[in-house]
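J.: Turn this into a structure:
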Amino acid sequence: MSKTVKVVVIDHDPLVRDQIVSALSSQPYMEVLAETESFVYGYELIRQNRPNVVFVDIREDPHRTYDLIKRITTYFKDTMIVVSGHEISLESIMAAMQSGAREFLKRPIQASDLNALLEKHHQAFVADASGDNTGRILTVFSNKGGLGKTTIAVNLALSLSEITKKPVALVDLNLQLGDITTFLDIMPRQTIVDIAKNIGRVDATYLETSLAEFRHANSHVYVLADPLNVEEAEEVTAEQINTVLTVLKATFEYVIIDTTTSFDSKTLTALDLADQILLVSMVNLPNIRSSQRVLNLFDRLGYDRQKVKLLINRYLPDDEITTQDVEETLGHEVSWKIPNNYQAIMTAINRGIPISTLQDGKLIYQNFIDLACQISGIVLHQGKKETKVPVPVKAKIKEKEMDTPSDNSTQVDSASSPAQEPSKRKKGFSPKQTPVEKPARKSLFGNLFGKKK
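T.: The predicted model follows:
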């Protein structure tokens, strides 16, 4: 399997084209497919060859360059754009980046700058070109603490490994106050700081031998731990995180990321690279309002709403605020509900063991298995597995409403696994139940959030 990084150079200056081609040719993993001064011909080359990297220059009319970049990134999302220009103002750099460029080089291009760029992205280039980049990154995020974000990340990683029968990568990007190693009671050989210091060596083999390994029953997880000392968090850059996550994605079928609650450059890198963002919330007014702000920010960042899955943690079926209230307020579907069992979760955390080992944690454990099935498309049936498209949560709710009468059952997972036999399913909770106080609560929501119709 070839690991050659394919490049197309589009630049009006033949001397600059020669300079770029010469620098690239000195790297054994780089292959320059073509060079041209024409935007039209250059785009046709990109369309036919689908290169990994494109170099393009900003000309007298910069909007032509920005339009080309947007066109490339729209249709060829995996192609990295490196743009160069004489003007290095914040406005020109921002315009290029907003169009989809990943790097900006000041002209005249210095050989040291070009070599530094190639070194910076070396492992990412190779991982992108290897043909193994088929993994999925799931970033677990909330902008408020104490919502169970780490619990969800850890148990989802364990569940995905169990049902896929493959190892899963679990990354702690809460670089100052991470807890994943505590949750699993493991002592890492190296942390993300050590890997960042050896970023030039990062590849699949290096990562597998550097990550902390955790095995339990049928689960096999590799953990990239947070720094041992709080102050070391500043030593890790967003660019290094980009490289590490890219290689992890090329190595593992699933990469689960636990993030901090802030929107710094490192967290944004994890959100940008994510195939899915699992936004964690709870059913109360402060958290609903917080989730609305996050969703609004995601819209401004250009994230597709389908990329963002809303998870409700510590869910209780008799809460005053219903799931339907949350969906109508946020204008976003609740993708999953995790039942409330605080005591079992805390017992597992304090003992450093998976929730599946506790007798009173079986409901939570099954909920995470069901969530992993929905994410992976795997349907468990009598110890075997097959793949199919997951059924949307709302469709399952409607099916349950047809099968069973609505009541105040203790079942809290509205998306039960298809693996359960009908006789074993508990009665479903319908979010369409209408409490007496419903009209007043709608008015309150409208005043607080400006509820979407």
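J.: contacts, neighbours, all on C-alpha from now
T.: Fine.
J.: now Val56, what's its secondary structure?
T.: strand (DSSP: H, G, I helix; E, B strand; the rest coil).
J.: list the contacts for it?
T.: Val9, Ile10, Asp11, Thr65, Ile81, Val82, Val83, Ser84 (C-alpha atoms under 8 Å, 6 or more residues apart in numbering).
J.: Can you give me the distance of it to Ile93?
T.: Distance from Val56 to Ile93, counting by C-alpha to C-alpha, to the nearest Å: 14 Å.
J.: Can you name the residues that contact the residue lying closest to Asn287 once chain neighbours are set aside?
T.: Excluding the flanking residues, the one nearest Asn287 by C-alpha to C-alpha, 6 or more residues apart in numbering is Ser281, at 5.9 Å. By C-alpha under 8 Å, 6+ apart, the contact list for Ser281 reads Ser142, Leu147, Asn287, Ile288, Ser291, Leu310, Leu311, Ile312, Asn313.
J.: want to try a markdown table for those residues, with secondary structure, neighbour count and distance to Ser219 as columns?
T.: What follows is the contacts of Ser281, written out as a markdown table (DSSP: H, G, I helix; E, B strand; the rest coil; neighbours: other C-alpha atoms under 10 Å; distance: C-alpha to C-alpha, whole Å):
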| residue | secondary structure | neighbour count | distance to Ser219 |
| --- | --- | --- | --- |
| Ser142 | coil | 23 | 26 |
| Leu147 | coil | 18 | 24 |
| Asn287 | helix | 17 | 32 |
| Ile288 | helix | 20 | 33 |
| Ser291 | helix | 22 | 31 |
| Leu310 | strand | 22 | 25 |
| Leu311 | strand | 22 | 23 |
| Ile312 | strand | 22 | 25 |
| Asn313 | strand | 20 | 23 |
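J.: Can you tell me which of these is closest to Leu245?
T.: Leu245 has its nearest neighbour among the contacts of Ser281 in Ser142, at 19.7 Å by C-alpha to C-alpha.
J.: Setting aside sequence neighbours, what's the nearest residue to the closest one?
T.: In space, Ser142 is closest to Val280, 5.3 Å off (C-alpha to C-alpha, 6+ apart).
J.: Near that neighbour, how many other residues are there?
T.: Counted with other C-alpha atoms under 10 Å, residues neighbouring Val280 total 23.
J.: what's the helix or strand for it?
T.: Following DSSP states H and E, the helix or strand that holds Val280 is strand 276-281.
J.: That strand: partners in the sheet, and parallel or antiparallel?
T.: Paired neighbours of strand 276-281 in the sheet (DSSP bridges): strand 136-141 (parallel), strand 308-315 (parallel).
J.: Next SSE downstream of the longest one?
T.: When you say that, I think you mean strand 308-315. That would be, after strand 308-315 and using DSSP H and E, helix 323-330.
J.: Now render the contacts of Val56 as JSON lines, adding secondary structure, pLDDT and neighbour count.
T.: Shown next, in JSON lines, are the contacts of Val56 (DSSP: H, G, I helix; E, B strand; the rest coil; pLDDT from 0 to 100; neighbours: other C-alpha atoms under 10 Å):
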{"residue": "Val9", "secondary structure": "strand", "pLDDT": "95", "neighbour count": "25"}
{"residue": "Ile10", "secondary structure": "strand", "pLDDT": "95", "neighbour count": "24"}
{"residue": "Asp11", "secondary structure": "coil", "pLDDT": "94", "neighbour count": "24"}
{"residue": "Thr65", "secondary structure": "helix", "pLDDT": "92", "neighbour count": "19"}
{"residue": "Ile81", "secondary structure": "strand", "pLDDT": "92", "neighbour count": "24"}
{"residue": "Val82", "secondary structure": "strand", "pLDDT": "93", "neighbour count": "21"}
{"residue": "Val83", "secondary structure": "strand", "pLDDT": "93", "neighbour count": "25"}
{"residue": "Ser84", "secondary structure": "strand", "pLDDT": "92", "neighbour count": "22"}
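J.: Looking at these, which one is closest to Asp258?
T.: Ile81 (28.3 Å).
J.: from memory that closest one sits against Met97, does it?
T.: No: with contact defined as C-alpha atoms under 8 Å, Ile81 does not reach Met97; the gap is 9.3 Å.
J.: Between those two, which contacts overlap?
T.: Joint contacts of Ile81 and Met97 (C-alpha under 8 Å, 6+ apart) are Glu103.
J.: For Ser262, give me its contacts.
T.: Asn143.
J.: That one belongs to a helix?
T.: No: checked against three-state DSSP, Ser262 lies outside a helix; its state is coil.
J.: any idea how far it lies from Asn218?
T.: Taking C-alpha to C-alpha, one finds Ser262 at 34 Å from Asn218.
J.: Now the spatially most central residue of the chain: phi and psi?
T.: For the chain, Ala274 is the residue whose C-alpha lies nearest the centre (C-alpha atoms, centre = their mean; 2.5 Å). The phi and psi values for Ala274, taken as degrees, to the nearest 10, are phi -70, psi 140.
J.: so it sits right up against Arg136, yeah?
T.: Yes: between Ala274 and Arg136 there is a contact under C-alpha under 8 Å: 7.4 Å.
J.: Which phi and psi values does Pro108 adopt?
T.: With angles defined as degrees, to the nearest 10, Pro108 sits at phi -70, psi 140.
J.: Is it correct that it is in contact with His86?
T.: Yes: Pro108 is within contact range of His86, at 7.0 Å (criterion: C-alpha under 8 Å).
J.: More neighbours: which of the two?
T.: Remark: of Pro108 and His86, His86 carries more neighbours, 14 against 10, as counted by other C-alpha under 10 Å.
J.: What distance do you get for the closest residue to that one other than its chain neighbours to Val83?
T.: With C-alpha to C-alpha, 6+ apart as the criterion, His86 has its nearest non-adjacent residue at 4.7 Å, and that residue is Arg107. For Arg107, the distance to Val83 equals 10 Å [C-alpha to C-alpha].
J.: same thing with Glu213?
T.: For Glu213, the distance to Val83 - C-alpha to C-alpha - is 40 Å.
J.: before we move on, what about Lys337?
T.: Distance, Lys337 to Val83, by C-alpha to C-alpha: 44 Å.
J.: go on, Ile378?
T.: To Val83, Ile378 is 42 Å away according to C-alpha to C-alpha.
J.: what do you get for Arg215?
T.: On the measure of C-alpha to C-alpha, Arg215 and Val83 end up 45 Å apart.
J.: Same question for Ile69.
T.: For Ile69 relative to Val83 (C-alpha to C-alpha), the value is 9 Å.
J.: intersection of neighbour lists for the two?
T.: Any residue near both Ile69 and Val83 by C-alpha under 8 Å, 6+ apart counts here, and that gives Ala96, Ala101.
J.: so Val140 bridges to which residues?
T.: Beta-bridge partners of Val140, as defined by DSSP bridges: Asp258, Leu278.
J.: Looks like it contacts Ala153 (just checking).
T.: Yes: between Val140 and Ala153 there is a contact under C-alpha under 8 Å: 6.3 Å.
J.: Overlap in contacts, the two.
T.: By C-alpha under 8 Å, 6+ apart, Val140 and Ala153 have these common neighbours: Ile256, Ile257, Asp258.
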